[in-house]
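Participant: Everything below, folded, please.
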Amino acid sequence: MGSAENAVSKATISRMPAYLRYLKGEAGKGVAYVSSSAIAAALGFSAVGVRKDLAPVSSQPGKPRFGFEVRRLIEDIEKFLGYHRWTNAVIVGAGGLGRAILAYEGFENYGIHVIAAFDSSPAKVGAVGGKPIYPMERLKDIVVRNSVRVAILTVPRSAAQEACDEIVQAGICAILNFAPVYLHVPEGVCVKYEDLAVSLAALCGECTEDR
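Facilitator: Next up, the predicted model:
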C-alpha cells in the first residue's frame with residue numbers, strides 16, 4: 001500500500017474487502033455505476049461513512065445521480081490494498097481445514113497465490129485441486145524458491161508452536177493462525193488469529209440476543 005494508506009484508519013482499511021466483494025458482485029451483474037447510498041444499503045453502513053471511506057482511495061469523484069463507476073472503483077481499491085502485486089502463500093497443516101483452504105479458488109481475486117500445503121504426516125502428502133502437498137522437510141526450500149511471504153497455519157493446538165517455529169525459520173514473516181493457541185514469535189513476525197469456535201459462539205450469542 002502507498003501513501004493513501006496513511007490517510008485512512010485501520011477500521012476503514014478493514015472495510016475495503018467488503019466494498020470490493022460488493023462491487024465485484026455488481027460488476028458481474030453488468031452494473032456500470034453505483035451510488036454511495038446503494039453501497040451503504042447493501043453493506044449496512046451509512047452513506048456518509050461510505051463516502052468518507054472511499055474519498056482517499058477513489059481516483060474519481062462520484063457523479064451526481066450516477067455515483068461511482070464500478071470497474072474503476074474496483075481497480076482503485078485493489079491498487080490501494082496491493083492486490084495488483086501478487087503474494088505467494090502456503091498452508092501448514094493438510095488436515096480437513098487445510099485441504100479445504102488449499103482447494104479454495106477465491107484467493108486469486110485478491111492477489112494471493114496459495115501455491116502449496118505442507119504436513120508432517122506422509123499419508124497426507126499428495127495434491128488437492130492440482131496443488132501439491134509436500135512433507136514439512138520441503139518447507140524452507142519451497143518458501144525460498146517462490147518468495148513466499150505468508151503462511152496459513154491449520155495444525156492442531158499441540159503442534160502449533162513447533163510448526164510456527166518451522167515457518168519462521170523458513171523465512172516467512174506473516175502467519176494466519178487457525179490453531180486455538182497463542183504463538184510465540186520473534187520481533188518482525190506478524191500473527192493474525194482466526195478462531196472459528198469463538199466466531200461461531202459470538203454469532204450464536206448475537207442470534208440469541210436478537211430473539
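
Participant: residues in contact with residue 119?
Facilitator: 92-95, 98, 125, 133-136 (C-beta atoms under 8 Å, 6 or more residues apart in numbering). Glycine gets a C-beta too; all of them are placed from N, C-alpha and C.

Participant: if we take these, which one ends up nearest to residue 45?
Facilitator: Checking the contacts of residue 119 against residue 45 by C-beta to C-beta gives residue 98 as the nearest, at 33.5 Å.

Participant: Quick check: phi and psi on the closest one?
Facilitator: Main-chain torsions, residue 98, degrees, to the nearest 10: phi -60, psi -40.

Participant: now residue 128
Facilitator: phi -140, psi 120.

Participant: Mind checking which of the contacts of residue 119 land in strands?
Facilitator: The strands, defined by DSSP state E, take in 92, 133-135 from these.

Participant: By neighbours, which of those residues wins?
Facilitator: residue 92 (28 neighbours; other C-beta atoms under 10 Å).

Participant: Need the pLDDT of it.
Facilitator: You'll see residue 92 listed with a pLDDT of 98.

Participant: Helices of this structure, start to end?
Facilitator: Under the criterion DSSP state H, the chain contains helices at 10-28, 36-43, 47-54, 70-81, 96-103, 139-145, 157-169, 196-210.

Participant: Quickly, which of those bottoms out on average pLDDT?
Facilitator: Lowest mean pLDDT of those: helix 196-210, a mean of 74.

Participant: could you check the angle helix 96-103 makes with that helix?
Facilitator: Relative orientation of helix 196-210 versus helix 96-103 (axes from the mean of the first three to the mean of the last three C-alpha atoms, to 10 degrees): 90 degrees.

Participant: can you pull the buried residues of helix 196-210?
Facilitator: Within helix 196-210, no residue counts as buried by 16 or more other C-beta atoms under 10 Å.

Participant: So what's the gap between it and the chain middle?
Facilitator: Distance, stretch centre to chain centre, for helix 196-210: 22 Å (C-alpha atoms, centre = their mean, to the nearest Å).

Participant: So which of the ones in strands among the contacts of residue 119 is the closest to residue 13?
Facilitator: residue 92 (26.4 Å).

Participant: Report the contact partners of the closest one.
Facilitator: Contacts of residue 92 by C-beta under 8 Å, 6+ apart are 98, 117-119, 136, 139, 151-155, 163, 166-167.

Participant: what lines up beside the longest strand along the chain in the sheet?
Facilitator: Criterion DSSP E: the longest strand present in the chain is strand 112-119. Using DSSP bridges, strand 112-119 pairs in its sheet with strand 87-92 (parallel), strand 131-135 (parallel).

Participant: could those be laid out in JSON lines, adding distance to residue 55?
Facilitator: Formatted as JSON lines, the strands paired with strand 112-119 follow (distance: least, C-beta to C-beta, whole Å):
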{"stretch": "strand 87-92", "distance to residue 55": "27"}
{"stretch": "strand 131-135", "distance to residue 55": "39"}
